[in-house]
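Asks: turn this into a structure:
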Amino acid sequence: MEASSGLVAGSHNRNELVLIRGHEEPKPIRALNGQVCEICGDEVGMTVDGDLFVACNECGFPVCRPCYEYERREGSQLCPQCKTRYKRLKGSPRVEGDDDEEDVDDIEHEFNIDDEKNKEKQQEQQPKPNKQIAEAMLYGKMSYGRGPEDVDSSPPHIPPVITAASSRNVSGEFPISNGHNYGDFSSSSLHKRVHPYPLSEPGSARWEEKQDGGWKERMDEWKSKQGLLGGDPDDVDPDMAMMDEARQPLSRKVSIASSKINPYRMIIVIRLVVLCFFLRYRILNPVHDAIGLWLTSVVCEIWFAVSWILDQFPKWFPIERETYLDRLSLRYEREGEPSMLSPVDIFVSTVDPLKEPPLVTANTVLSILAVDYPVDKVSCYVSDDGASMLTFESLSETAEFARKWVPFCKKFNIEPRAPEMYFSLKVDYLKDKVQPTFVKERRAMKREYEEFKVRINALVAKALKVPAEGWIMQDGTPWPGNNTRDHPGMIQVFLGHSGGHDTEGNELPRLVYVSREKRPGFQHHKKAGAMNALVRVSAVLTNAPFMLNLDCDHYINNSKAIREAMCFLMDPQIGRKVCYVQFPQRFDGIDRNDRYANRNTVFFDINMKGLDGIQGPVYVGTGCVFRRQALYGYNPPKGPKRPKMDSCDCCPCFGRQKKLKKAKLGENQVAEEGLDDDKELLMSEMNFEKRFGQSAAFVTSTLMEQGGVPPSSSPAALLKEAIHVISCGYEDKSEWGLELGWIYGSITEDILTGFKMHCRGWRSIYCMPNRPAFKGSAPINLSDRLNQVLRWALGSVEIFFSRHSPVWYGYKNGHLKWLERFAYVNTTIYPFTSLPLLAYCTLPAVCLLTGKFIMPTISTFASLFFISLFISIFATGILELRWSGVSIEEWWRNEQFWVIGGVSAHLFAVVQGLLKILAGIDTNFTVTSKATDDEEFGELYAFKWTTLLIPPTTLLIINLVGVVAGISDAINNGYQSWGPLFGKLFFAFWVIVHLYPFLKGLMGRQNRTPTIVVIWSVLLASIFSLLWVRIDPFVLKTKGPDVKQCGINC
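Replies: Down below sits the predicted model:
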């Protein structure tokens, strides 16, 4: 792929492909005629018989004879690709371990293995002829769900794009892996080299770097293990210590201290027992004179108890994790060798540049391009789902500015690497900076960035006035996306490995603009459809084995974030079963008090840690590094099964019958084996097209577990195939959105996508580095915050009524753990809590206005239930804060917004969800505005009227009126009425205190109440005034006959 070769627009269905502004000729690709050793790059060579030399008869991985013999003599004696032990070939010297093999020696027959049984095994296990294996490798032969290829089977029909002998290692593209069952992933072929890496010597610059970050302590620890601590330092080989360090795990699980977690679990159990006694008392002691109020309150309390159980018990096993970035570098980045870290494709999605400002998206892209990761292994794809020329032009400006910004970031190692956030930091930017040119270059770069901002702002101002004839590009061509609902697919490579260099001549990561095709009459599935289009186009162009997705307003705050994720995904012990690594969301621009719980710290620092101890955190839509194979719907690799105990022949009833059954089964398997292979070969090709779509290049990429693109494909062919896979009809009659990629069926596609992976048996990891990996912007005013919560809740309601509901989906395979299912069920039913919550918040006002209560007069013994329940609730919260590190203020803000969102956004989500399910009335959600106010926290005081504000406003007024009415009635009736009043006032004040942030939001800046709120308040106050007159609490109510009706002599 060449950069700056022009915008490619086209439609596969209409057989159109147009190159706009293409001035550069594509550079020819180096042809690979013969087999090349993947280790040293030399020719593989021939055997003495004239055949192509094949070191591994299992997978045919191309290795020359010197590398093969070196690996057998000095290395691990394993094939780098399939991890099978190298067998000794003809003409090769014998090494240690060969005597364990059962093959007859072909040189001197040193071991004289003449046993007939071994001869039969040798005939059965004799490998394929080298010539056939070489032909299979040259044809790029692949199979799905099969074991080793049959010798007599003819090569299947291979898509024309797979015709090369080996993949070219460009930008981290890996060679094609052949003949694997992709339900069970094999280990990475590139995580280990055949030749040992040269290690750093003491005194070198790299050795001095290793002394930082605890290297000296780990060196001492290693010496103590070897018994060398305190001995002669000359006896210690530092190379051995570094090699030992590189073999250590890349991460570790840190359990919560037992002194913190055990009391927490005890209180949970005590609270559960107390809750059962409390509900039993409430059910068995009805209030006969207020049976309606009592029944409503009991139903609400039972629902709250179930909701608490679903939320609490997934937090039973909270854990934390620790990564070792130095070990990752020691293992995969050796001095003098190319980096062996896995490539990563990074996705950024945007829709409307007027709601998601181009400057915000540009900062996200710049932070990606400057990430601390090998540049040839990073590719950034920007999805413009609005087909906006403003986004296209701003991305072009961003690519030019990146040529200056990226080398500045890497030269001085600055953090964060988003220029807007870096230059706005109110810290000492000279701290830890020793280069004398830093101040001068920083000033020059800040001036360059301000000029860049002016250019972007000019583009935004120009985009506000759309010409009547539509937008015209610089060469006079009409912009293909003038009609946002009817336009072809568009791809532009702004930066690439043949044209993307910075001002110092260094290579830059890829930057690709993508806008999928849209036509009337097709379902495009909003963000989920755009993400699936990015998955396919990236698979065709770069095909990295891992993918990071970010929202356009979430920039990389920690330049080592990808390395943090690789400590889990590339760990040979736990990485193979990890489908994604989720990072917590952190936000900029939130006021110090966090009035509306925008940080959501309780969820990210408590709930997600608890899920990480079970099967992994849920996917939250951004800041997540995926394994590509997991998104393709493959199952995780299975561990080795334990051998089953077979009974002996001594028991005539059981042992003999079992052996007879096995013998019959073996005969049937041998008879049907050849027929099954032929059927499976035919069905695999049909299933691939039905599953992944009608693209040979994309289907080929799905079989490459370690990524990479075939070298035989020209850039023009790749671009044409990329246009094909983003066409609007590509997903028809395929499993996209059903079993593959981002799952359709809800506007919160993130929950569904993670849920499907966990149901297949994958696990996820929660990574919380000390420096937040990503930061974004959050809506901090009340109306935008409630609309955002409404969208999330509506998506949960849609999932609850879909076929993927965690209540009934995923029981077949049994891969989803029960506590993990509890968490997913809770994420789908929490909006329904708004119904009992609204009723429960209304009860205090009704009780105060009617003089009745939801509970009878309680005895001293019964009061213990209430006291114990409240104590256990507070104790649970305190102990939870103790082990999580969340402050009590953040916990209280979360409790307040739970009530505010529950009686407003969640309630409307349930209503809209029911209308959509039952009546088919669809509701559109608006993209949350990412624009920021020039004044600090100015957006916090902005008031935007929405119907979501009506229910909590009404609750506030009726509870305030109820408090006034209750106190007035108590004053009128005397001292004896104050006792029952305190219980009612407690519940009323509980509601008012929880809605207090909402009340402050209504008041806005300087206590100025908006007119619409005044009107609604007067209207509702009038209604309750009439109710007040009907109650008439100041008139003494006497019991007895009506004197006016009966007369004085009655």
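Asks: which stretches in the stretch 701-850 of the chain count as strands?
Replies: Along the stretch 701-850 of the chain, counting by DSSP state E, counting those that start in this stretch, strands occupy 763-766, 774-777.
Asks: Ile854 is nearest to which of those?
Replies: strand 763-766 (40.9 Å; Cβ to Cβ). Using the backbone N, CA and C atoms, a C-beta is placed for each residue, glycine as well.
Asks: which elements pack onto the closest one?
Replies: Taking 3 or more Cβ pairs under 8 Å, 6 or more residues apart in numbering; DSSP states H and E as contact, the helices and strands that strand 763-766 lies on are strand 578-582, helix 608-612, helix 749-759.
Asks: and Asp49, how far from Leu89?
Replies: With the distance defined as Cβ to Cβ, to the nearest Å, Asp49 ends up 11 Å from Leu89.
Asks: sorry, back to before: export the helices and strands packed on strand 763-766 to JSON lines and tack on mean neighbour count and mean pLDDT?
Replies: Compiled in JSON lines, these are given as follows (neighbours: other Cβ atoms under 10 Å; pLDDT from 0 to 100):
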{"stretch": "strand 578-582", "mean neighbour count": "26", "mean pLDDT": "94"}
{"stretch": "helix 608-612", "mean neighbour count": "24", "mean pLDDT": "93"}
{"stretch": "helix 749-759", "mean neighbour count": "25", "mean pLDDT": "90"}
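Asks: is it possible to export those to a markdown table including distance to Glu301?
Replies: Compiled in a markdown table, these are given as follows (distance: least, Cβ to Cβ, whole Å):
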| stretch | distance to Glu301 |
| --- | --- |
| strand 578-582 | 34 |
| helix 608-612 | 24 |
| helix 749-759 | 28 |
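Asks: nearest to Ser394 among these would be which one?
Replies: Once those are compared by Cβ to Cβ, helix 749-759 is nearest, at 26.3 Å.
Asks: got the CA coordinates for that closest one in PDB?
Replies: The C-alpha coordinates for helix 749-759 follow below in PDB (Å, rounded to 0.1, in the frame of the first residue of the first chain):
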ATOM      1  CA  GLU A 749     -23.400  -3.300  20.500                       C
ATOM      2  CA  ASP A 750     -20.500  -3.500  22.900                       C
ATOM      3  CA  ILE A 751     -22.300  -5.500  25.600                       C
ATOM      4  CA  LEU A 752     -23.600  -8.000  23.000                       C
ATOM      5  CA  THR A 753     -20.100  -8.400  21.400                       C
ATOM      6  CA  GLY A 754     -18.300  -9.200  24.600                       C
ATOM      7  CA  PHE A 755     -21.200 -11.400  25.800                       C
ATOM      8  CA  LYS A 756     -20.900 -13.600  22.700                       C
ATOM      9  CA  MET A 757     -17.200 -14.100  23.200                       C
ATOM     10  CA  HIS A 758     -17.600 -15.100  26.800                       C
ATOM     11  CA  CYS A 759     -20.300 -17.600  25.800                       C
END
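Asks: flag the shaky bits of the stretch 51-200 of the chain, pLDDT-wise.
Replies: Scanning the stretch 51-200 of the chain for pLDDT under 70 picks out 99-200.
Asks: re the thing from before, out of the strands of the stretch 701-850 of the chain, which is closest to Leu869?
Replies: Of the strands of the stretch 701-850 of the chain, nearest to Leu869 by Cβ to Cβ is strand 763-766, at 31.7 Å.
Asks: who does that closest one pair up with?
Replies: strand 578-582 (parallel) (DSSP bridges).
Asks: quick one: residues in contact with the strand it pairs with.
Replies: 564-565, 568-569, 608, 616-620, 623-627, 630, 636, 754, 757-758, 762-767 (Cβ atoms under 8 Å, 6 or more residues apart in numbering).
Asks: could you rerun that using 7 Å?
Replies: Contacts with strand 578-582, where a contact means Cβ atoms under 7 Å, 6 or more residues apart in numbering, come from 565, 568-569, 617, 619-620, 623-627, 630, 757, 762-767.
Asks: all helices of the stretch 701-850 of the chain, in order?
Replies: 715-725, 749-759, 782-800, 818-829, 834-850 (DSSP state H, counting those that start in this stretch).
Asks: tell me the domain boundaries of the chain?
Replies: 44-95, 257-316+828-1009, 325-637+737-778 (the TED database).
Asks: mind putting those into CSV with distance to Trp808?
Replies: Shown next, in CSV, are the domains of the chain (distance: least, Cβ to Cβ, whole Å):
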stretch, distance to Trp808
domain 44-95, 40
domain 257-316+828-1009, 11
domain 325-637+737-778, 12
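Asks: which of those sits closest to Ser805?
Replies: domain 257-316+828-1009 (6.3 Å).
Asks: quick one: closest of the domains of the chain to Phe822.
Replies: Nearest to Phe822, of these and by Cβ to Cβ, is domain 257-316+828-1009 at 5.1 Å.
Asks: and Arg785, how far from Phe897?
Replies: 8 Å.
Asks: check the strands of the stretch 701-850 of the chain for me: which has the lowest mean pLDDT.
Replies: The minimum mean pLDDT among the strands of the stretch 701-850 of the chain belongs to strand 774-777 (a mean of 90).
Asks: for the stretch 501-650 of the chain, which segments count as strands?
Replies: Using DSSP E, counting those that start in this stretch, the strands of the stretch 501-650 of the chain run over residues 510-515, 546-551, 555-556, 578-582, 586-588, 624-627.
Asks: just say which of the ones you listed is most tucked in.
Replies: strand 555-556 (a mean of 28; mean count of other Cβ atoms under 10 Å).
Asks: which helices and strands sit right next to it?
Replies: When contacts are defined as 3 or more Cβ pairs under 7 Å, 6 or more residues apart in numbering; DSSP states H and E, strand 555-556 sits against helix 358-369, strand 774-777.
Asks: what lies in contact with the longest one?
Replies: Yep, that's helix 358-369 we're talking about. 346, 348, 350, 380, 382, 390-391, 394, 398, 402, 405-406, 416-421, 453, 456, 459-460, 508-509, 511, 550, 552-556, 930.
Asks: swap in the last one?
Replies: When contacts are taken as Cβ under 7 Å, 6+ apart, the neighbours of strand 774-777 outside the stretch itself are 550-551, 553-557, 561, 583, 585-589, 623, 930, 932.
Asks: if we can go back for a sec, who has more neighbours out of Asp49 and Leu89?
Replies: More neighbours surround Leu89 than the other of Asp49 and Leu89, with 18 against 9 (other Cβ atoms under 10 Å).
Asks: before we move on, which element is the closest residue to Gly851 other than its chain neighbours in?
Replies: Distances taken as Cβ to Cβ, 6 or more residues apart in numbering place Asp969 nearest to Gly851, at 6.8 Å, with adjacent residues excluded. Following DSSP states H and E, one finds Asp969 within helix 950-973.
Asks: sweet, I'm off.
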